[in-house]
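Engineer: Quick check, what structure comes out for this input:
(one chain, ligands or ions: 2)
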Amino acid sequence: MTELTRQILRPEPLTAEAFAPYGDVIETGDRDFFMINNGSTKRFHRLGEVILGKPDDRAIISIFRAQGLTIPLRIKLLERHPFGSQAFIPMKQNPFLLLVAEPGDVPDQTAIRAFITDGTQGVNYHPGVWHHPVLSCVAEDDFLVVDREGEGNNCDEHYFADTTEIYLEAAE
Ligand SMILES: NC(=O)N[C@@H](O)C(=O)O
Ligand code: NI
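Structural biologist: Numbers count the residues shown, from 1 in each chain. Ligands and ions are numbered 1, 2, ... in the order given. Okay, the predicted model is just below:
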């Protein structure tokens with residue numbers, strides 16, 4: 001008889017340090033900058049890099065208009081992009097939720113972490129990082145997405161067994 005497992009995930013506030021195993025946090029916060037444009041503009045330089053896996057790959061810019069989720073949310077899958085990074089930048093300053101697991105053949109379901117952004121933060125997933133498709137906290141939200149276009153399948157999905165119940169709940 002296969003054992004049923006039940007796991008509750010609660011998001012923690014997103015920080016660059018905590019997110020380091022999964023990618024970059026795109027934020028100004030306490031980050032370094034230098035002045036450009038004759039002293040009229042602060043440049044928060046290279047907060048993340050677009051990582052491309054194959055010689056003819058292209059970095060492209062898209063907008064994702066995501067429908068909101070209902071909490072608690074049953075997590076059925078995580079995905080990864082082996083050949084490139086993927087960045088999500090909020091366009092309407094709403095917090096959004098992240099579910100990530102470190103690269104590996106399959107996600108370690110005992111080590112999935114949940115984060116919530118502060119509305120100003122974006123993220124740049126590194127190649128191979130397992131993550132849930134974008135999770136909007138409001139009815140509809142827009143994200144500027146910078147990711148890779150090129151040859152080959154760049155989206156692996158891992159579906160959890162029906163006997164594995166993983167739920168994303170609200171923060172405590
Ligand atoms: N499939 C797609 O373009 N979106 C996902 O990769 C996602 O992370 O939302
Ligand atoms: Ni993705």
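Engineer: what bridges to residue 23?
Structural biologist: In this entry, residue 23 is beta-bridged to residue 125, by DSSP bridges.
Engineer: near ligand 1, which residues of the chain?
Structural biologist: In this structure, the chain approaches ligand 1 at residues 79, 86, 131, 133-134, 155, judged by C-beta under 6 Å from any ligand atom. From N, CA and C alone the C-beta is placed, and that goes for glycine too.
Engineer: If we use 5 Å, what do you get?
Structural biologist: Taking C-beta under 5 Å from any ligand atom as the criterion, the neighbours of ligand 1 within the chain are 133-134.
Engineer: wouldn't residue 145 be in contact with residue 88 here?
Structural biologist: Yes. Taking contacts as C-beta atoms under 8 Å, residue 145 lies within contact range of residue 88: 5.8 Å.
Engineer: any idea how far the residue lying closest to residue 152 once chain neighbours are set aside lies from residue 51?
Structural biologist: Of all residues beyond its chain neighbours, the one nearest residue 152 is residue 83 (6.3 Å), with distances taken as C-beta to C-beta, 6 or more residues apart in numbering. Distance from residue 83 to residue 51, counting by C-beta to C-beta, to the nearest Å: 9 Å.
Engineer: so where do the helices sit in the chain?
Structural biologist: Secondary structure of the chain, counting by DSSP state H: helices at 16-19.
Engineer: now it, which segments are flagged as low pLDDT?
Structural biologist: Per-residue confidence for the chain (pLDDT under 70) gives no ranges below the cut-off.
Engineer: Swap in 80 and give it another go.
Structural biologist: In the predicted model, the chain carries pLDDT under 80 at residues 1-2, 172.
Engineer: one step back: shared neighbours of residue 83 and residue 51, which are they?
Structural biologist: Both residue 83 and residue 51 are contacted by 127, 148, under the criterion C-beta atoms under 8 Å, 6 or more residues apart in numbering.
Engineer: Thanks a lot, see you next time.
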